[in-house]
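J.: sequence and predicted structure are below.
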Amino acid sequence: MSKQKSSADQTSRRSFISKTAAAVGAVGTYSITNSAIAASPNSYARIVGANDRLGVANIGCGAIGQSHASAIKSIKEKQNLNPIATADCWKKRADELAQVTGAKQTFQDYRKVLDLKEVDYVTIATPEHWHSKMTLDALAANKHVYCEKPMTHTFAEGIAVTDAVAASDLKLQVGVQGMSDDSYISAREAIDGGMLGQVVQAQIEYVRRYNQGPWRKPTLDEKMAKPDDLNWNDWLGHAPKKEWDPHHYFEWRNYSRYSGGVATDLFIHRITRIMKACNLLYPTRVVGMGGIWQWPDGRDLPDNFEMICEYPRGMTVYVLGTMSNRVPIDHLIRGYRGTMTFNNEGWIAKDKDGKVLGEHKKTGGENIGLHHTNLHDAIRNDAELNCPAPLGLAGVAAVTMANESWRSGQMMAWDEKTRSAVPASSLPDGGRPDYNKPRD
């Protein structure tokens with residue numbers, strides 16, 4: 001189904017992606033525009049022709065991979081999908097997921113999936129530390145990609161991926177599936193139109209209440225032997241080498257070598273919504289606070305966390321992330337003229353006296369199937385992606401800066417000269433923006 005480039009073009013792109021991966025410190029400049037992230041669920045209704053069949057393969061077959069498999073199965077006929085293969089370092093999981101999708105081939109080595117010409121796009125649902133490598137390899141193999149959030153484990157990796165996508169004619173959908181809810185593009189149109197006046201602050205949360213700590217499995221046998229058909233070294237990849245440890249394999253979100261924990265696994269879902277609604281890119285300064293307050297069980301990432309991000313347009317974004325209490329706070333954006341509150345139906349904006357300024361009833365939703373369908377439309381019809389690489393990169397910037405702030409005990413700031421995150425104290429005026437300059 002995908003357009004196949006000439007041999008010379010493919011070689012050139014592979015060379016570029018290899019160089020990009022080797023120089024992940026190099027930074028490009030990206031902007032989020034209305035057209036770049038404005039795909040509407042209305043586009044999902046387009047009729048899929050018989051010649052538009054898409055070959056799909058799944059890389060990573062754990063719990064999230066199973067969610068992708070179920071979504072693909074449910075839309076397979078309507079979207080004219082052909083599940084080709086599955087891959088996982090634990091062969092048992094690859095085989096089990098293939099039974100769900102109907103794929104005929106299973107592998108332990110994901111690169112064998114990328115060798116299959118009939119595969120048009122791959123889903124990547126692996127621990128975070130594998131996202132960038134697998135995505136770059138897939139792009140080099142001329143495959144479109146649906147990569148789970150966060151797009152990458154580090155910001156430098158995100159730059160490499162974003163550069164590689166920009167240099168190709170391939171599509172990358174980042175798995176923040178809440179972007180397939182049109183509430184946030186609608187909110188931005190209202191905000192850009194002046195409904196709220198000058199926007200100054202937003203707040204949002206991701207709260208849960210765990211019994212044994214975030215992502216711990218109460219029935220896990222810590223003496224469990226490594227399954228014979230699980231390639232542990234392949235699972236570790238470039239992470240520090242370690243003897244088989246079922247806690248690290250099954251509970252990897254608790255360890256910074258593989259994940260960013262609350263910030264990258266949960267906050268990325270929330271702050272991306274605010275970014276889309278308020279047209280935000282990189283924060284000027286970020287503070288991350290929290291700690292291992294309730295479950296000192298060997299994890300090295302916070303069990304309770306929160307962050308505040310300041311943006312160049314002149315606003316802050318607060319994200320709450322208690323894992324010990326599920327009582328939420330309202331999801332809202334505050335402006336001088338009014339406040340926009342998000343709810344299960346969409347959003348409603350009111351002025352200081354409670355007068356309704358506007359409201360929106362959403363279409364779409366936080367749904368993996370809709371997010372895949374948007375990617376299909378992008379591949380077939382060049383529709384705009386709901387969560388493209390530049391938006392994915394902006395999310396990675398915020399959450400990784402928050403984590404680094406927590407680790408270092410310092411406020412982190414965005415250095416425009418090097419286009420990287422640095423301690424705010426290392427910049428003139430502590431990284432504060434020049435308030436006399438016009439803001440975005």
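T.: Noted; the coordinates are in hand. Numbers count the residues shown, from 1 in each chain.
J.: so where's the protein uncertain?
T.: Low-confidence regions of the chain, defined here as pLDDT under 70, cover residues 1-51, 438-440.
J.: 80 - rerun?
T.: Within the chain, the stretches falling below the threshold (pLDDT under 80) are 1-51, 433-440.
J.: the helices in it, which residues?
T.: Secondary structure of the chain (DSSP state H): helices located at 7-22, 63-75, 91-101, 110-114, 131-140, 155-166, 183-192, 232-236, 246-250, 268-278, 368-381, 389-408.
J.: in CSV: the ones you listed, plus distance to Ser324.
T.: Where C-beta positions appear, they are placed from N, C-alpha and C, glycine not excepted. Rendered in CSV, the data for these read as follows (distance: least, CB to CB, whole Å):
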stretch, distance to Ser324
helix 7-22, 39
helix 63-75, 22
helix 91-101, 31
helix 110-114, 37
helix 131-140, 28
helix 155-166, 29
helix 183-192, 28
helix 232-236, 30
helix 246-250, 20
helix 268-278, 18
helix 368-381, 28
helix 389-408, 17
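J.: which one is Asp415 nearest to, not counting chain neighbours?
T.: Val422 (4.8 Å; CB to CB, 6 or more residues apart in numbering).
J.: sorry, wrong one. I was asking about Val199.
T.: Gly335 (4.5 Å).
J.: contacts only, for the one you found.
T.: Taking CB atoms under 8 Å, 6 or more residues apart in numbering as the definition of contact, the neighbours of Gly335 are 191, 195-200.
J.: one step back: burial of the residue nearest to Asp415, as a residue count?
T.: Val422: 17 surrounding residues under other CB atoms under 10 Å.
J.: ok, what's across the strand from it?
T.: The bridge-partner assignment for Val422, based on DSSP bridges, gives Ala413.
J.: from Glu157, how far out is it?
T.: According to CB to CB, to the nearest Å, Val422 and Glu157 sit 18 Å apart.
J.: closest to Gly290 out of the helices of the chain?
T.: helix 389-408 (6.3 Å; CB to CB).
J.: quick one: the closest one to helix 131-140, angle?
T.: 160 degrees (axes from the mean of the first three to the mean of the last three CA atoms, to 10 degrees).
J.: one step back: distance to Met289 and mean neighbour count added to the helices of the chain, as a markdown table?
T.: As requested, these are arranged in a markdown table below (distance: least, CB to CB, whole Å; neighbours: other CB atoms under 10 Å):
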| stretch | distance to Met289 | mean neighbour count |
| --- | --- | --- |
| helix 7-22 | 33 | 15 |
| helix 63-75 | 28 | 19 |
| helix 91-101 | 37 | 20 |
| helix 110-114 | 37 | 20 |
| helix 131-140 | 26 | 25 |
| helix 155-166 | 20 | 24 |
| helix 183-192 | 26 | 20 |
| helix 232-236 | 31 | 16 |
| helix 246-250 | 26 | 18 |
| helix 268-278 | 15 | 24 |
| helix 368-381 | 31 | 22 |
| helix 389-408 | 7 | 25 |
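J.: could you give the backbone dihedrals for Tyr242?
T.: To be clear, residue 242 is Lys; Tyr isn't right here. Note on Lys242: its backbone torsions stand at phi -160, psi 140 [degrees, to the nearest 10].
J.: burial of Lys117, as a residue count?
T.: The burial count for Lys117: 11, using other CB under 10 Å.
J.: quick one: contacts for Ala349?
T.: Ala349 sits in contact with 190, 195-196, 338-341, 356-359, where contact means CB under 8 Å, 6+ apart.
J.: which residues does it bridge with?
T.: Met340, Gly358.
J.: could you work out the most separated pair of the contacts of Gly335?
T.: Met195 and Val200 (14.2 Å).
J.: and these two? Which one has more around it.
T.: Met195 (18 against 14).
J.: wait, what's in contact with that one?
T.: 335, 337-338, 340, 349, 357-358.
J.: so who does the residue sitting nearest the centre point of the chain touch?
T.: With distances taken as CA atoms, centre = their mean, the residue of the chain nearest its centroid is Lys149 (2.6 Å). Taking CB under 8 Å, 6+ apart, we find Lys149 in contact with 174-176, 264-265, 268-269, 272, 392, 395.
J.: what's the local residue count around the closest residue to Ile292 other than its chain neighbours?
T.: Setting aside the residues directly before and after it, Ile292 is nearest to Asp303 in space (CB to CB, 6+ apart), at 5.5 Å. Using other CB under 10 Å, the number of residues around Asp303 comes to 25.
J.: any idea how far Pro218 is from Asp303?
T.: As defined by CB to CB, Asp303 lies at a distance of 15 Å from Pro218.
J.: returning to that earlier point: can you tell me how far the residue nearest to Ile292 is from Trp414?
T.: Distance of Asp303 to Trp414, given as CB to CB: 28 Å.
J.: cool, and Arg334?
T.: Here the distance between Arg334 and Trp414 works out to 23 Å (CB to CB).
J.: between these two, which one's more packed in?
T.: In this comparison of Arg334 against Trp414, neighbours counted by other CB under 10 Å, the higher total goes to Trp414 at 24 against 18.
J.: hmm, the more buried one is touching Pro283, no?
T.: Yes: using CB atoms under 8 Å, Trp414 is in contact with Pro283, at 6.1 Å.
J.: okay, and the common contacts of those two?
T.: With contacts defined as CB under 8 Å, 6+ apart, the residues adjacent to both Trp414 and Pro283 are 397, 401.
J.: relative to Glu205, which of the helices of the chain is closest?
T.: With CB to CB as the yardstick, what comes closest out of the helices of the chain is helix 268-278 (6.8 Å).
J.: can you give me the domain boundaries for the protein?
T.: Annotated domains of the chain cover 7-180+368-388, 183-213+258-362+396-431 [automatic domain parsing].
J.: tabulate the ones you listed (a markdown table), appending distance to Leu236.
T.: Formatted as a markdown table, these follow (distance: least, CB to CB, whole Å):
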| stretch | distance to Leu236 |
| --- | --- |
| domain 7-180+368-388 | 9 |
| domain 183-213+258-362+396-431 | 9 |
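J.: neighbours around Gly358, how many?
T.: By the criterion of other CB under 10 Å, Gly358 has 16 neighbours.
J.: you'd agree it is up against Ala190?
T.: Yes: between Gly358 and Ala190 there is a contact at 5.6 Å, judged by CB under 8 Å.
J.: do you know how far Tyr258 is from Ile59?
T.: From Tyr258 across to Ile59, the span is 16 Å (CB to CB).
J.: the more surrounded of those two?
T.: A side-by-side neighbour count of Tyr258 and Ile59, using other CB under 10 Å, places Ile59 first with 29 against 24.
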